[in-house]
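Peer 1: Would you be able to build a 3D model of this:
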Amino acid sequence: MNCPKCNSPLLPDAKFCGSCGYSMPEPAQASRAGSLPGGGSFHFDSDGHGQGRGYTWSIEHQGAFELAVVQLQAGQSISAEAGAMVSMSANIDLNAELKGGVFGALKRAAGGETAFVSTFTARGAAGEVTLAPGAPGAIAGIEMQNQVFMVQSSSYLAGDVSLQVDTKFGGARSFFGGEGLFLLQVSGSGLLLVSSFGAIHRKMLRPGEQYVIDTGHLVAWEASMPYNLRKATNRGFFRSLMSGEGLVAEFNGPGEILIQTRNLAAFAGLLKPFFPSQSGSGGGGFSFGE
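Peer 2: All right, here's what the predicted structure looks like:
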């Protein structure tokens, strides 16, 4: 185990770092990130701290405005979604590239993502990178163990450079579900950082169990889980739309799903009446609450 602040080696169960004096945080409650009853496929670190190949990471400021702090050893790298960087050490080299070549970049752009992926590398010495999503909410550090997950494109924040992140065509079901034509398929072993709007709720499905989720609340799920889009109600499409739900995703277990407790599109709709709108009269004025 290494110190999350200065990366110095620590003794097992150390309460503080002898090099920089950093106090190790107390373990969080299991409901924050530990194992679920009966196990789960998403392996969260129990105290919001972890270690990868050439780096350590931690989730700071738990609550609505969490921050991922990654400490890189010299020469080591971490990949992140373009625009996720909050701050970094002066010796960190930032390289933005077209992930997956031109075709891969086109797929990412078609899926509503930026065509570029940022890679942060510590040059000459250890360095720090801090990352955060654009919206308030939680960040989860998932230790992937040769697994494959589907991730909503807006929920992907960063990951180990060895992870394979591919944009997959979701067909008409994802398009009409409001999630765009493409989803991210993340595979391999190493750290995966995902973010949510609101908190992250973990749902484990038993074999054969069916479960319905509003598409705007999906964060990630096991790629092996079958799902279908359908109307929220069986009383017709119009009544489904009037319910405020429209189309929902129906999953079939076994498997685990990560759900965000708030819907960004719904929140934007609540705020819309409070934003000024340009008058259509041509006078350049503004009206409020229209």
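
Peer 1: quick one, helices of the stretch 101-250 of the chain?
Peer 2: Ranges of helices in the stretch 101-250 of the chain, per DSSP state H, counting those that start in this stretch, are 101-110, 171-176, 237-242.

Peer 1: low pLDDT regions in this protein?
Peer 2: Within the chain, the segments meeting pLDDT under 70 span 1-39, 46, 98-115, 169-182, 234-246, 267, 277-290.

Peer 1: run the last query once more with 80
Peer 2: Low-confidence segments of the chain (pLDDT under 80): 1-40, 45-46, 97-116, 168-182, 229-247, 264-272, 275-290.

Peer 1: Would you check that residue 66 makes contact with residue 59?
Peer 2: Yes: Residue 66 lies in contact with residue 59 (Cβ atoms under 8 Å); the separation is 5.5 Å. For every residue, glycine as well, the C-beta is placed using N, CA and C.

Peer 1: Find residues that contact each of those two.
Peer 2: Taking Cβ atoms under 8 Å, 6 or more residues apart in numbering as the criterion, residue 66 and residue 59 both touch residue 139.

Peer 1: Let me see the contact set for residue 187.
Peer 2: Counted by Cβ under 8 Å, 6+ apart, residue 187 has contacts 144, 147, 148, 149, 163, 164, 166, 223.

Peer 1: Next one: it relative to residue 224, how far apart?
Peer 2: 12 Å (Cβ to Cβ, to the nearest Å).

Peer 1: which residues do these two both contact?
Peer 2: Between them, residue 187 and residue 224 have residue 148 as joint contacts when contacts are counted by Cβ under 8 Å, 6+ apart.

Peer 1: most neighbours, which of the contacts of residue 187?
Peer 2: residue 149 (25 neighbours; other Cβ atoms under 10 Å).

Peer 1: Quickly list what it is bridged to.
Peer 2: Note on residue 149: beta-bridge partners by DSSP bridges are residue 186, residue 222.

Peer 1: do you know how far it is from residue 223?
Peer 2: Residue 149 sits 6 Å away from residue 223, going by Cβ to Cβ.

Peer 1: what do those two both touch?
Peer 2: What both residue 149 and residue 223 touch, as defined by Cβ under 8 Å, 6+ apart, is the set 185, 187.

Peer 1: For stretch 40-54, measure first residue to last.
Peer 2: Using Cα to Cα, to the nearest Å, the end-to-end distance of stretch 40-54 comes to 26 Å.

Peer 1: Show me what counts as buried in it.
Peer 2: 40-45, 47-52, 54 (16 or more other Cβ atoms under 10 Å).

Peer 1: In contact with the residue nearest to residue 184 when sequence neighbours are not counted, which residues are there?
Peer 2: Sequence neighbours aside, residue 151 is the residue nearest to residue 184 in space, at 4.4 Å (criterion: Cβ to Cβ, 6 or more residues apart in numbering). Residue 151 makes contacts with 183, 184, 185, 186, 192, 194, 219, 220, as judged by Cβ under 8 Å, 6+ apart.

Peer 1: how about the residues you listed in a markdown table, adding neighbour count?
Peer 2: Shown next, in a markdown table, are the contacts of residue 151 (neighbours: other Cβ atoms under 10 Å):
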| residue | neighbour count |
| --- | --- |
| 183 | 23 |
| 184 | 22 |
| 185 | 15 |
| 186 | 23 |
| 192 | 26 |
| 194 | 27 |
| 219 | 28 |
| 220 | 27 |
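
Peer 1: from those, which is closest to residue 73?
Peer 2: Taking Cβ to Cβ as the measure, residue 73 lies nearest residue 192 of the contacts of residue 151, at 19.5 Å.

Peer 1: Wait, the closest one touches residue 161, no?
Peer 2: No: counting by Cβ under 8 Å, residue 192 does not reach residue 161; the two are 11.8 Å apart.

Peer 1: Near residue 128, how many other residues are there?
Peer 2: By other Cβ under 10 Å, 20 other residues sit near residue 128.

Peer 1: who's in contact with it?
Peer 2: Shown in contact with residue 128 (Cβ under 8 Å, 6+ apart): 69, 70, 71, 72, 87, 88, 89, 92.

Peer 1: Let me see the contact set for the nearest residue to residue 85 once chain neighbours are set aside.
Peer 2: Once flanking residues are discounted, residue 85 sits nearest to residue 131: 6.1 Å by Cβ to Cβ, 6+ apart. Under the criterion of Cβ under 8 Å, 6+ apart, the neighbours of residue 131 are 67, 68, 70, 80, 84, 85, 86, 157, 158, 193.
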